[in-house]
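S.K.: Here's a sequence, model it:
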Amino acid sequence: MKNFFTVIFITLSFQLYAQKDIDSLSYLLDNYKDEDTIKVDLFNKLGYEYWIVNPSKSELLGEQALMLARRLYYEKGKAFANRVIGVAHWTRGNYEEALEYLFEGLVLYKNIDDSLGQANCLMNIGLVFSDQHNNEKALKYYYEAVGIFEELKKFDRIATTYNKIGTILLDEEKYDEAYNYLIKALNIHQNNAFKYGISEANNRLGLLFLKQKEYQRSLQHFLRSFEIGKEINDREGMAKNLENLGYLYIERRDYDSAIYYFDQGLRLANEVRSKKWLKDIYLGMKLVYEQQNNYSRALLYANKYNAMRDSLFNEEMATRIANMQTRIETVEKEKELELQSKQIALLEHEAQYDNILKWFLFVGLALIMLIGYLIIKYQQTRIKKDRALYQSKEELSKVALENVRLKKEELELELNYKNKELTSYTMNFIQKNELIKELKEAIQQIVKRADAPMRKDLGKLIKLIDSTIGVDKDWENFKLFFEQVHQDFFDQLKAEFPELTGSDLKLCALVRLNLSMKETSALLGISTESVKTARYRLRKKLNLESGENLMGFLIRFNQE
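M.R.: Residues are numbered from 1 along each chain as shown. As a prediction, the model looks like this:
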């Protein structure tokens with residue numbers, strides 16, 4: 001039996017720690033030995049506190065809560081654990097995993113009719129879509145969450161969601177609407193003395209005034225947000241504010257201050273392992289050094305930015321593909337097991353009835369009337385069973401059709417996603433080569449004024465720069481992304497025109513993407529005149545007439 005006084009002690013402790021003290025919760029968890037629902041709640045509450053301090057620790061605590069809750073069939077604990085793990089993944093930029101856990105939490109909250117839990121999950125799901133710049137979906141979930149919060153009169157949660165809505169409106173440059181939502185959020189949080197919400201609202205107001213070039217007001221809000229973040233040990237929020245301060249000082253052309261704040265932000269972002277803030281800060285450092293004409297440092301941070309962006313992309317892609325395959329395999333296995341179970345049940349029923357019939361046949365003439373009665377009952381049962389089996393098969397067919405439709409939608413979403421990533425990768429590829437080209441031109445200007453030894457060294461540097469333009473690794477990555485969107489494009493071209501060289505195939509891919517002469521020149525590291533010559537030679541190899549459009553010709557290969 002559970003100790004009555006222990007239960008009372010823990011229950012009172014939850015009330016005493018309305019402000020959620022991590023040390024106190026850790027002490028309670030360390031000293032609580034029973035494997036019951038109270039321990040699940042302790043894991044979840046401590047995991048909730050670690051969201052803004054240590055997302056990795058938060059995820060670990062959520063996993064422990066989920067494991068124990070499953071053993072205990074504790075649905076509320078399972079729901080909260082999924083939310084804890086989902087938000088921990090969102091904090092670190094693992095969006096696919098975040099959505100997986102948050103949607104599972106939403107379903108569990110609906111099953112136990114917990115409206116507040118549902119609304120919190122809806123708001124968290126909106127956060128994930130907002131980070132992925134899917135504003136339409138994010139707002140849909142935010143407004144749905146606000147509706148439930150208003151019914152429950154949860155003004156603190158309303159204010160938190162107002163902060164999120166204001167952030168999206170800010171992103172869409174609807175500054176007046178964004179300001180109204182953020183001010184309402186700030187007033188509610190100040191009345192409730194909720195420091196995390198006050199810090200968040202100040203941060204968003206700082207961004208709003210930064211976009212409106214009201215630098216002094218922006219600075220005041222960022223610093224206020226940062227100071228509150230220090231008070232509550234919100235290291236993720238502090239990293240975000242330091243990044244924002246860096247961009248503010250870029251706007252004010254105070255590059256030394258910008259570098260200082262970016263450096264501080266990098267330290268904190270590394271501590272909380274936040275890839276999304278690291279990526280944004282690397283981009284900020286690149287911009288600072290470009291403004292200072294320090295091209296070598298700019299290139300260093302450009303490479304770090306590209307590597308972090310590619311890392312996030314590759315993780316997302318791998319997870320999406322794995323999850324999609326798992327979902328398909330799971331549905332197929334479930335269907336197979338269900339059909340096998342029905343077949344086994346059917347065979348068992350048939351065997352049972354056959355045995356009964358055989359037994360009655362051997363009883364003799366005295367039981368003939370009883371046997372007739374049982375046969376009639378048997379036939380009635382079979383009819384009902386066949387009708388039920390037919391209905392079951394019909395339902396399975398509907399499920400199969402629905403699965404086909406969902407799979408088609410997933411594939412369409414995947415293709416759109418890949419198209420966007422291909423365009424993004426191509427543009428970054430172009431920007432990188434243009435930056436290298438600008439760096440080369442700047443060095444060439446220095447060469448004109450340099451002495452002989454310096455010219456020799458600079459010449460080596462120019463050769464090194466030339467070698468980085470269009471390197472095989474970059475083209476292999478480009479080819480990988482291109483073939484994910486346009487499968488068999490190169491194979492079909494090569495099959496019809498075997499004399500095409502590797503350079504010809506590269507040019508075909510760039511023409512297929514409808515890139516301009518200047519963009520193609522930047523990617524290939526050649527002049528626009530050379531691009532024109534290459535296109536002319538390619539047209540001849542493809543046997544095109546003078547009036548025939550090259551891109552229109554290439555589009556017919558591997559049309560999606």
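
S.K.: Please name every helix or strand in contact with whichever strand or helix holds Ala119.
M.R.: For Ala119, the element it lies in under DSSP states H and E is helix 115-131. In terms of contacts (3 or more C-beta pairs under 8 Å, 6 or more residues apart in numbering; DSSP states H and E), helix 115-131 is packed against helix 75-91, helix 95-111, helix 135-152, helix 155-171. Where you see a C-beta, it was placed from the backbone N, CA and C, and this is true even at glycine.

S.K.: and the angle for the second one with helix 135-152?
M.R.: The one in question is helix 95-111. 30 degrees (axes from the mean of the first three to the mean of the last three C-alpha atoms, to 10 degrees).

S.K.: Residues in contact with helix 95-111: which ones?
M.R.: Outside of helix 95-111, the residues within contact range by C-beta atoms under 8 Å, 6 or more residues apart in numbering are 75, 78-83, 85-87, 89-90, 117-118, 121-122, 124-125, 128, 131-132, 316, 319-320, 323.

S.K.: List the buried residues for it?
M.R.: For helix 95-111, burial by neighbour count (16 or more other C-beta atoms under 10 Å) applies to 95-102, 104-106, 108-109.

S.K.: Can you add distance to Lys153 and pLDDT and give those back as JSON lines?
M.R.: Converted to JSON lines, these look like this (distance: C-beta to C-beta, whole Å; pLDDT from 0 to 100):
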{"residue": "Tyr95", "distance to Lys153": "32", "pLDDT": "88"}
{"residue": "Glu96", "distance to Lys153": "34", "pLDDT": "90"}
{"residue": "Glu97", "distance to Lys153": "33", "pLDDT": "92"}
{"residue": "Ala98", "distance to Lys153": "28", "pLDDT": "93"}
{"residue": "Leu99", "distance to Lys153": "29", "pLDDT": "92"}
{"residue": "Glu100", "distance to Lys153": "31", "pLDDT": "94"}
{"residue": "Tyr101", "distance to Lys153": "28", "pLDDT": "95"}
{"residue": "Leu102", "distance to Lys153": "24", "pLDDT": "94"}
{"residue": "Glu104", "distance to Lys153": "28", "pLDDT": "94"}
{"residue": "Gly105", "distance to Lys153": "23", "pLDDT": "94"}
{"residue": "Leu106", "distance to Lys153": "21", "pLDDT": "93"}
{"residue": "Leu108", "distance to Lys153": "24", "pLDDT": "95"}
{"residue": "Tyr109", "distance to Lys153": "18", "pLDDT": "95"}
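
S.K.: Find the residue at the geometric middle of the chain.
M.R.: Tyr95 (2.5 Å; C-alpha atoms, centre = their mean).

S.K.: Distance of the closest residue to Gly117 other than its chain neighbours relative to Phe103?
M.R.: Among residues not flanking Gly117 along the chain, Tyr109 sits closest, at 3.6 Å (C-beta to C-beta, 6 or more residues apart in numbering). Tyr109 is 11 Å from Phe103, where distance means C-beta to C-beta, to the nearest Å.

S.K.: now swap in Thr381 and tell me
M.R.: Thr381 is 42 Å from Phe103, by C-beta to C-beta.

S.K.: Asn192 too?
M.R.: Relative to Phe103, and taking C-beta to C-beta, Asn192 is found at 29 Å.

S.K.: do Arg71 as well
M.R.: Arg71 is 23 Å from Phe103, by C-beta to C-beta.

S.K.: follow-up on the earlier one: any quick PyMOL command for the buried ones out of the contacts of helix 95-111?
M.R.: Those of the contacts of helix 95-111 that count as buried under 16+ other C-beta under 10 Å are selected in PyMOL with:
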select buried, resi 78+79+80+81+82+83+85+86+87+89+90+117+118+121+122+124+125+128+316+320
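
S.K.: Could you count how many residues lie near the closest residue to Phe194 other than its chain neighbours?
M.R.: Spatial nearest neighbour of Phe194, excluding adjacent residues (C-beta to C-beta, 6+ apart): Asp156 at 5.9 Å. Using other C-beta atoms under 10 Å, Asp156 has 14 other residues around it.
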